[in-house]
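In: Build the 3D model from these lines:
(chains A and B)
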Amino acid sequence: MGNLGTVFQREFMSYFATPLAYVFVVIFLVTNGIFTFDLGGFFIRGQADLLPFFGFHPWLYLFMVPAIAMTLWADERKTGTIELLLTLPVRLSDVVLGKFLAAWALTGIALLLTFPIWITVNYLGDPDNGVILAAYLGSWFMAGGFLAIGSCMSACTRNSVIAFILTVSICFLFVLLGSPILLNAFPAWVPQFFVDAFSAMGFLTHFDSISKGVLDIRDLLFFAVFIALWLMASAVVIEMKKAN
Amino acid sequence: MFCSGRICCLNISGFDLGRCVFGYGHEVNIMIKIKNLTKKFDQLVAVDDLSFEVKEGEVLGFLGPNGAGKSTTMKVITGFLAPSGGSVSIDGYDIVTNPIEAKSLIGYLPEGAPSYGEMTTIEFLRFIARVRGFRGETIKEKVSRVIDEVALGGVTQQPIETLSKGFRRRVGLAQAIMHDPKVLILDEPTDGLDPNQKHHVRELIRNLAKDRIVIISTHILEEVTAVCSRAIIIAEGKIVADGTPAELEARSRYHQAVSVQLSADYDLEADLADLTTVEAVEKVDGAERTYIILANHNQSIFSEVSSIARNRQWPVAAFHIERGQLEDVFRSVTQQTEGV
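Out: Numbers count the residues shown, from 1 in each chain, chains lettered A, B, ... in the order given. Below you'll find the model as predicted:
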């Protein structure tokens, strides 16, 4: 019992034992800054909200999150520690969840460290802090969705670069699913419910509404179920592929 | 005499006979029961209907050529791989239906002693102690005990990836014995170590073996005679020999053979031609004037040969009896199956 916490602790500490956590956080913050102030026109808009900040998160996560997810299982397989880990008296579910939560906590920390931008917008104007809080929560859940895909892809291969490329591709697909570009591309004869179902699977559909302040429990539920399903898939893949 | 659990040891006036009597008035406890174990990878049958039992106090050497299914068998016993058929039970717990209970009884050193390279020795061992269910002060106690036991004192603060192979192997051993396991399974514990390190690890294993069962897989035969009380040889997933090292050696054609080193040239064969108990005389490759006199059907020929040597005044430099060569047995039993 309690091995979920033990696994989580080990994984989380290991990010800080190498420069990985620091590099991740610093690059995340710098890129976030560039996107928000430069590309997003934070000042030019003249509005006291963080829409330009959150609007770039899906695209930022697309490359940053697979980078921390790629080693989750691929490295365990490559170094053989998976054999050590899974012959200890731990449940596979605890290990899958512990690893995921550790990586998710790291993205959470990176996200929290963007607080200066929240201070800035409060200093400059009078934003709706409820909306900002909801958007932070939505952003973190979306990062979890990316990570869960990454966990599964990392379990598929012992090569972390392959895991990275697979994760980016699949995440890109899920980002696109909800985007207007793809939805408009459907010809008129496609039934509407099909297009809706398609768009309902997209990250942007859910994230956009959250970041605009519409904190619908169904949007968070979507990410929660999405994460759970990909983590279950990770467990199945690990069980199947650990022999090779 | 003192008894602990089911093992009783004779200890007369401080002189340890070193022999323990098992099941002194009790039944000998069978710790590991393997029944019709089969493991297939797609078309390849790695482990083929394997059955054996291991009793408390045994040090079992698991031998076989590379690719014979040693590591696969160990991976199934330790619960890493699921068996395709048959069952494994550890002290009554089935590894498939009660994996957590069964795994709690096992200490395992996987092949190559994998560990988390970025962690320091002490961090890694603390992690293992926590996973093994220890908390608070007990973690400290357990960790410092295993550090003492495998002599890791000097490297506790070093990241494991900076350690030498020998030290990394010891870290692997330390994590395996953290919880005083009843069953210790070591996959090629001395592979890739230098002779000093090998000696040290074997010494460790001998010490560890005192009150538990140990299974060691290896393809180094001297290891078996050095530490094991029983050896199983497998080839192509099947058991081809099972016995004590001495019993296996007795199956060698060199068992009871006499080896002679001469100080001058002499025709031994002529003298031995009449002796029906002698099967053949072989010259040993690479050694000058050294011969092995093979016995017919493992009969004792030492006294006969030595009396002839004395009567005919052989120019003898060295003269001794062979126990039998495990290597020879290994080769004959494993190649037999390969030939079929």
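In: Let me see the backbone angles for B:Asp49.
Out: For B:Asp49, the backbone dihedrals (degrees, to the nearest 10) come out as phi 50, psi 60.
In: List the contacts of the most centrally placed residue in chain A.
Out: With distances taken as Cα atoms, centre = their mean, A:Ala143 lies nearest the centre of chain A, 1.8 Å away. If you count contacts by Cβ atoms under 8 Å, 6 or more residues apart in numbering or on different chains, A:Ala143 has them with A:57, A:61, A:65, A:104, A:107-108, A:111. For glycine as for every other residue, the C-beta is placed from the backbone atoms N, C-alpha and C.
In: Out of these, who's the most crowded?
Out: When neighbours are taken as other Cβ atoms under 10 Å in any protein chain shown, the top entry among those is A:Val65 (29 neighbours).
In: ok, it touching A:Thr107?
Out: Yes: using Cβ atoms under 8 Å as the test, A:Val65 is close enough to A:Thr107 to be in contact (6.5 Å).
In: intersection of neighbour lists for these two?
Out: Common neighbours of A:Val65 and A:Thr107, counting by Cβ under 8 Å, 6+ apart, are A:143, A:147.
In: okay, now the domains of chain B?
Out: Listed by automatic domain parsing, the domain ranges of chain B are B:30-249, B:256-322.
In: Now do the residue in the stretch 51-200 of chain B that chain A sits nearest to against B:Gly172, distance only.
Out: As assessed by Cβ to the nearest Cβ, chain A sits closest to B:Pro114 within the stretch 51-200 of chain B, at 3.6 Å. Between B:Pro114 and B:Gly172 the computed distance is 8 Å (Cβ to Cβ, to the nearest Å).
In: With neighbour numbers in mind, choose between the two.
Out: Taking neighbours as other Cβ under 10 Å, B:Pro114 and B:Gly172 compare with B:Gly172 leading, 24 against 20.
In: Could you give the backbone dihedrals for the residue of chain A positioned farthest from its centre?
Out: When distances to the mean C-alpha position of chain A are computed (Cα atoms, centre = their mean), the maximum falls on A:Trp189, with 34.3 Å. Backbone geometry at A:Trp189, expressed as degrees, to the nearest 10, gives phi -70, psi -10.
In: hmm, back to that, want to throw the domains of chain B into TSV with distance to A:Pro180?
Out: Formatted as TSV, the domains of chain B follow (distance: least, Cβ to Cβ, whole Å):
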stretch	distance to A:Pro180
domain B:30-249	44
domain B:256-322	82
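In: Which one of those has the poorest average confidence?
Out: Per-stretch mean pLDDT for the domains of chain B is lowest at domain B:256-322 (a mean of 81).
In: Could you report the distance from the residue farthest from the centre of chain A to A:Val195?
Out: According to Cβ to Cβ, A:Trp189 and A:Val195 sit 11 Å apart.
In: Out of the domains of chain B, which one sits most buried?
Out: Of all those, domain B:30-249 has the most neighbours on average by mean count of other Cβ atoms under 10 Å in any protein chain shown, namely a mean of 19.
In: end-to-end on that one?
Out: End-to-end distance for domain B:30-249, by Cα to Cα, to the nearest Å: 26 Å.
In: if I pick B:Asp330, what's in contact with it?
Out: To be clear, residue B:330 is Phe; Asp isn't right here. Residues near B:Phe330 by Cβ under 8 Å, 6+ apart: B:63, B:221, B:233.
In: ok, the second one - contacts?
Out: With contacts defined as Cβ under 8 Å, 6+ apart, B:Leu221 is in contact with B:63, B:326-327, B:330.
In: In strands, which of these appear?
Out: Using DSSP state E, the subset of these located in strands is B:Leu63.
In: For the contacts of B:Leu221, work out which two are farthest apart.
Out: Using Cβ to Cβ, the pair of the contacts of B:Leu221 lying farthest apart is B:Leu63 and B:Glu327, separated by 10.6 Å.
In: element containing the spatially closest residue to B:Ile216 that is not a sequence neighbour, please.
Out: Nearest residue to B:Ile216 in three dimensions, chain neighbours excluded: B:Leu186, at 4.9 Å (Cβ to Cβ, 6 or more residues apart in numbering or on different chains). B:Leu186 is part of strand B:183-187, with elements assigned from DSSP states H and E.
In: Is B:Glu56 in contact with B:Lys210, as I believe?
Out: No: the pair B:Glu56 / B:Lys210 is not scored as a contact, 11.5 Å apart, by Cβ under 8 Å.
In: How about the residues of chain B by chain A?
Out: Neighbours of chain A within chain B, by Cβ under 8 Å from any Cβ of the partner chain: B:41, B:75, B:78-82, B:99-101, B:103-104, B:106, B:108, B:110-112, B:114-119, B:123, B:127-128, B:130-133, B:159, B:175.
In: In contact with B:Asp265: list those residues for me.
Out: With the criterion set at Cβ under 8 Å, 6+ apart, B:Asp265 makes contact with B:Arg289.
In: which parts of chain A sit against chain B?
Out: Close to chain B, as judged by Cβ under 8 Å from any Cβ, chain A has residues A:1, A:3, A:6-7, A:9-10, A:13-14, A:17-18, A:79-81, A:83-84, A:86-91, A:239, A:242-243.
In: Contact partners for residue 226?
Out: By default, I'm working from chain A. Per Cβ under 8 Å, 6+ apart, neighbours of A:Phe226: A:145, A:148.
In: nope, chain B please
Out: B:Arg202.
In: ok, and it, which helix or strand is that part of?
Out: Per DSSP H and E: helix B:221-227 holds B:Ala226.
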